[in-house]
Structure formats: C-alpha cells, structure tokens
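Enquirer: I need the structure of the sequence given here:
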Amino acid sequence: MTFATQLSAAFTPIGGVYDTPSITQALSWAQTFVEEYCNRGENGFDLVTGDTAYLDPKPYHQALLPRIPVVNVDNVLAQLPARFNLVPTPLLGVASGTGGSFVAGQYYWVVTALMPWGAETTASNEVTAIFTGSTSSIALSWPAISQATGYKVYRGYLPSSENILVATLGATTAYTDTGTAGTGGVPPSGMMWTPLINYAWTSDTGLIYDTTGQPGTSSTLGPSWPWLPASLKVTYDHGYSTIPTSLINVAVRFAQQYLENPALLLQREVGSFSERYAGNTGGVGIVINEFDKRIMDRYTSISIA
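Expert: You can find the predicted model right below:
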C-alpha cells in the first residue's frame, strides 16, 4: 500500500468530526511534511520498481543509491571502453565476381555486435576487396561474440570510414553483401554501457560496492568492478510495500495538529495566557515532540557528498 492509502486508513477511526475536504487536506499536508523532514521527496516512502540511478563511485569503489530502503538491485552497468573482442579469429571476407551488383572499385567492411543490455560494440577489424566487374559480391564471416544477440554490417569507400549500414542481423555470424544500398550509419566509438559483476548492496543505507578488489578483472559476464573510468547505471527497487506503522502514526499526529490549526499559526504561552499568531520568521505552528523526531530521524535519508 502507498503512504497515502495507509495514512487514510489509520486516520479513519478518529476523523469523524471533520468534513472530508478538511481531512483530505490535512492528510496530504502531514504526508508531505514527513517526507520533506525525512529528505525523501514526494511519495519517497512508496515502493518503486525498476528505478534507474546514475552514480559516480567514491574512492574505494563504493557509491550510495539515492533512495532507501533498497529492496533489490536488478543490474549494474558501467561506462567502459567499447570493444568488439574478436579473439582469436578476425572478420574475414571472400570476394566473388558473381552474385552481386557492385561496380568496379575498392570497398571496406566492419562488423559490430549487439549486446543484450542495449549496447552496440565498436567495430571489428576491417576487411577490404577490390572489384573489377559489375556483378561482384563478398561473403563475410566472423566468430560469435559472447552474449551477443545480433550484429551490424557496415560498408565504406575509404579505409576506417565505413558509413553505410548494410544489414542488421540476428545471431548469425555470416553475411553476403551483394551491393545493397543500405542506410547511413557509423559504428559507435568510445564508451558503452557494460554489465558489472561481483557487487553487493545494503538495504538500509543504499550503499553499493565492489566485492572483488581486482581492477580490470574479466569474465564471461564482462568486466568486473572496480575499474570504472566513468559512471554507474543501476536499476533497482526501493521503498516500502507497507510503510512502517510508527511512521504512519507520526503522520496521523501531525494531521490532527493541522486540523486544529490549519493556518499553521505559531502559538506562544506567557503564564496562563496563550495565543496563536502569524509569525514573520518562517516558523510553522506544528509541534514535533522528541518521540516523533526520533522516529522520523530513523527513516531520514542522508546524502553524503
């Protein structure tokens, strides 16, 4: 249940003497007050699944997720140099004078791999062919790349300048280019999102950290933390499926105060004389007792710069 749903249910037995609009306003204010006090933002306690956070790890290869409690971490990606990893067999090309429509000239090809986390690798080694007729083709082949879900074939007219996307393929590792027109496109360069392994996280603080201590370590699942020249991208679930009862009770008490003092006037007592008034110092006429403060402090999200 959401914070609003639980708060409304908890307030129902004591809200009979107030009209519905007043109660709705009071509960909304009380929820917002608690969320802001706890540095949570709007609906910051509710369960959110599949959220994405971009982090810059601190020294010792750790970072803090911005929302707690962390319920689950689905995956962790890092910006790492893209690569094709054609080892040990490179991209090969076998030219033929038949089967295609290439005009005479020299051509160049590269292949990239499509990875399951949405990234496209950098280009493979380059192959070239010189055609002398007008019916030429070339049979390209390459080794399978671990985890690749597909491949892209690029062609160009100058070395290292492939700018025509010839084909987007599935898991096949061969393609015969017969001279199809293709579309504009160039292989990516630089960095790509790469999944990391060997990490752990803590629920109550949002700390996520490396568990290997082996810079540059690789496995079949990709490079492991902590070799991180750039950011982390973390997909995770956070919040409460059921908001802690103690926190709901605090919000109920604040809602009661609001209903008694909807203008949030400050109250001052001198002897037996008590008066509420509009202050000019930004004060709010809500009393936070020490018990409620300790409860909210327990659920306050603290950012560490």
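
Enquirer: any idea how far the residue lying closest to Arg40 once chain neighbours are set aside is from Ser160?
Expert: Counting by C-beta to C-beta, 6 or more residues apart in numbering, Arg40 lies nearest to Ser301, which is 5.9 Å off, once chain neighbours are set aside. Where C-beta positions appear, they are placed from N, C-alpha and C, glycine not excepted. For Ser301, the distance to Ser160 under the criterion C-beta to C-beta, to the nearest Å works out to 49 Å.

Enquirer: Between the two, which is the more surrounded one?
Expert: Residue environment comparison for Ser301 versus Ser160 gives the larger neighbour count to Ser301, 17 against 9, counting by other C-beta atoms under 10 Å.

Enquirer: Below-threshold pLDDT in the stretch 101-250 of the chain: ranges please.
Expert: Per-residue confidence of the stretch 101-250 of the chain (counting by pLDDT under 70) places the weak regions at 213-224, 226-227.

Enquirer: Now do the top strand by length along the chain: which elements does it pack against?
Expert: With residue count as the measure and DSSP state E as the assignment, the chain has strand 70-81 as its longest strand. Strand 70-81 sits against strand 191-195, strand 199-201, strand 207-210, strand 232-238, with contacts defined as 3 or more C-beta pairs under 8 Å, 6 or more residues apart in numbering; DSSP states H and E.

Enquirer: Mind putting those strands into a markdown table with distance to Thr132 and mean neighbour count?
Expert: Listed next are those as a markdown table, based on distance: least, C-beta to C-beta, whole Å; neighbours: other C-beta atoms under 10 Å:
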| stretch | distance to Thr132 | mean neighbour count |
| --- | --- | --- |
| strand 191-195 | 38 | 19 |
| strand 199-201 | 55 | 17 |
| strand 207-210 | 56 | 20 |
| strand 232-238 | 49 | 21 |
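
Enquirer: residues contacting Ser301?
Expert: When contacts are counted by C-beta atoms under 8 Å, 6 or more residues apart in numbering, Ser301 touches Cys38, Asn39, Arg40, Gly44, Pro66, Arg67, Ile68, Gly206.

Enquirer: Skip the chain neighbours and tell me the closest residue to the residue most central in space within the chain.
Expert: Most central residue of the chain, judged by C-alpha distance to the mean C-alpha position with C-alpha atoms, centre = their mean, is Thr52 at 2.4 Å. What sits nearest to Thr52 in space, not counting adjacent residues and going by C-beta to C-beta, 6+ apart, is Thr235, at 5.4 Å.
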